[in-house]
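[1] sequence plus the predicted model coming up.
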Amino acid sequence: MDYKIRTRISAILVDEKVKPGTKVTLLGWVRTIRIGKAVSFIELNDGSCRSGIQGVAETDNFPELKSITTGASVRMKGELVESQGKGQKYEVHISTIDLVGAAQVDFPLQKKRHSFEFLREIAHLRPRSNTFGAANRLRSKLAYGIHKYFQERDFHYIHTPIITASDCEGAGDMFRVTTLPAENPPTAKSGGVDWGKDFFAEQTFLTVSGQLEGEALATALGDIYTFGPTFRSENSNTSRHASEFWMIEPEMAWAELDDNMDLAEDFLKELLKFTLSECADELAFFDQWIEKGLIAKLEAVVNNQFERLSYTDAIKILEKNSDKFEFPVGWGTDLQSEHERYLTEQVFKKPVILFDYPEEIKSFYMKVSEDGKTVGAMDVLVPGIGEIIGGSQREERLDVLTERMKKKGLDPDDAVYQWYLDLRRYGTVPHSGFGLGFERTLMYVTGLSNIRDVISFPRTPRWAKF
Ligand code: 4AD
Ligand code: MG
């Protein structure tokens, strides 16, 4: 069979480039088939857009229809005509139909509503469902929108290592990378494993963030961004944490915390604008089936300013409402997701940027404020999700940075930090950046409430199937 000639359903239904009367060849998967006495109907979906198209054939003339069932792949040729039927603009009057790959009768995606839990068990087939088809197409578009945003603003796209010896967040939630045998690894004189005998002759891990290396590039190229996978072995079984997720990390030289907040707000708004204009078909689907009012919500975000609030002021609000929370709240405590969501969902009802966090609860690389008690950190919180962005101005002063590292129990003389400190030894500059969680962004724009449903093959504690 020759598959080169093909009309994508999106060309007919979304772009409307193909007009009625045209002979089309469609390649796709059967969603439903109804064999009637006189006429039969096949609904075909090819993944190019949300909608499928209906093929119509006289039953007697096409005995091959009998072997076609839901899930089968077929080639359908025929004339595109305006449909008399309800709910569709066009249909195809079939002239030939070829079964390419039959589907066994136990094909699990029958045309009915399946639970998301069930669909996660068949993550290899769920892209063929409406929801996951739309989620994957939107993911692709959004990735493009992210590159477009930064490329148009002269940020350089850089690639940071996946395997690394440094723990950027200092939280210790890292997956070890090793080629040493699990049983009887070589031991060091001092006891424990001799990592010097490992592949890289030192301990290595999957990266939790590309930030540190991003800083090296930003302090050479000016403005950069990364967009890549990151890994955390944090044992959080929530609907917003994945063990493998994608992060977008811009880093700007010559930029302070305010510039960072400005970029974060502008970037999120522009990304939503892009989604509203470029993914209208998918958004309409999510608005109808997943989160009513989704489009209006996104439009409101685009058209309103984010609330900017210091951590200290946020704590004052939370303390007044402490009876509403499970976890205690007070100056110096890390905010729990219930606190973050209360601020963004109940108090301000829009995205909120919190800034100037207590030094004790934030990473070693953040810039110490004049008061000595806070650092130039900022988090962007959005309704329904909580934290979507985490960022900061970086400590560019060598002496302050090394002191703070010591305070946090990190050894500034450790070989793994030398290159990072070099950035402060040679031509240091104020610089700032942040990380946007790609999956959390997708949750926000689709209304899908579980992170497992916005990445094709999620990795979470006790789950690495597929
Ligand atoms: O706040 P985080 O930990 O910040 C950093 O990693 C910085 N080094 C980024 C930087 O300044 N360049 O993570 C940034 C964002 C979070 O706001 C959240 O959206 C997402 O990454 N994120 C996760 N998404 C899914 N699953 C997880 N386990 C996540 N952990 C963080
Ligand atoms: Mg964070």
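    Arrived safely. Ligands and ions are numbered 1, 2, ... in the order given.

[2] which stretches of the chain have low pLDDT?
    Along the chain, the model assigns pLDDT under 70 to no residue.

[3] show me where the stretch 1-150 of the chain has helices.
    9-13, 116-121, 130-152 (DSSP state H, counting those that start in this stretch).

[4] relative to the helix or strand that the last one is followed by, what are the paired strands and their orientations?
    Next along the chain after helix 130-152, taking DSSP states H and E as the criterion, comes strand 156-157. Sheet partners assigned to strand 156-157 using DSSP bridges are listed as strand 223-231 (parallel).

[5] parallel or antiparallel, which strands does the helix or strand just after the partner strand pair with?
    Moving toward the C-terminus from strand 223-231, the next helix or strand (DSSP H and E) is strand 244-253. Sheet pairing of strand 244-253 (DSSP bridges) gives strand 223-231 (antiparallel), strand 431-437 (antiparallel).

[6] distance from the chain centre to strand 244-253, please.
    Relative to the chain's own centre, strand 244-253 is displaced by 12 Å; criterion: Cα atoms, centre = their mean, to the nearest Å.

[7] check stretch 64-77 too.
    35 Å.

[8] helices of the stretch 351-466 of the chain, start to end?
    So, for the stretch 351-466 of the chain - with DSSP H, counting those that start in this stretch - the helices run 398-407, 415-425, 438-446.

[9] what comes up buried for the longest one?
    I take that to be helix 415-425. 417, 420, 421, 423, 424 (16 or more other Cβ atoms under 10 Å). To be clear about C-beta, it is placed using only N, CA and C from the backbone, and glycine gets the same treatment.

[10] could you do the first one as well?
    By neighbour count on 16+ other Cβ under 10 Å, the buried set for helix 398-407 is 401, 402, 404, 405.

[11] my guess is the first one contacts residue 424, does it?
    Yep, that's residue 401 we're talking about. Yes: using Cβ atoms under 8 Å, residue 401 is in contact with residue 424, at 6.1 Å.

[12] residue 353 bridge partners, please.
    The partner residues for residue 353, given DSSP bridges, come to residue 308, residue 380.

[13] quick one: contacts for it?
    261, 264, 265, 306, 307, 308, 309, 378, 379, 380, 381 (Cβ atoms under 8 Å, 6 or more residues apart in numbering).

[14] I'd say the third one and residue 306 touch.
    In other words, residue 265. Yes: at 5.0 Å, residue 265 counts as touching residue 306 under the criterion of Cβ under 8 Å.

[15] who touches both of those two?
    351, 353, 380.

[16] between the buried residues of helix 415-425, which is nearest ligand 1?
    residue 420 (12.7 Å; Cβ to the nearest ligand atom).

[17] which residue packs closest to that closest one, ignoring adjacent ones?
    Distances taken as Cβ to Cβ, 6 or more residues apart in numbering place residue 212 nearest to residue 420, at 5.6 Å, with adjacent residues excluded.

[18] okay, and the one you found sits in which element?
    helix 211-221.

[19] one step back: now render the buried residues of helix 415-425 as CSV, adding distance to residue 121.
    Listed next are the buried residues of helix 415-425 as CSV, based on distance: Cβ to Cβ, whole Å:
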residue, distance to residue 121
417, 44
420, 43
421, 48
423, 46
424, 50
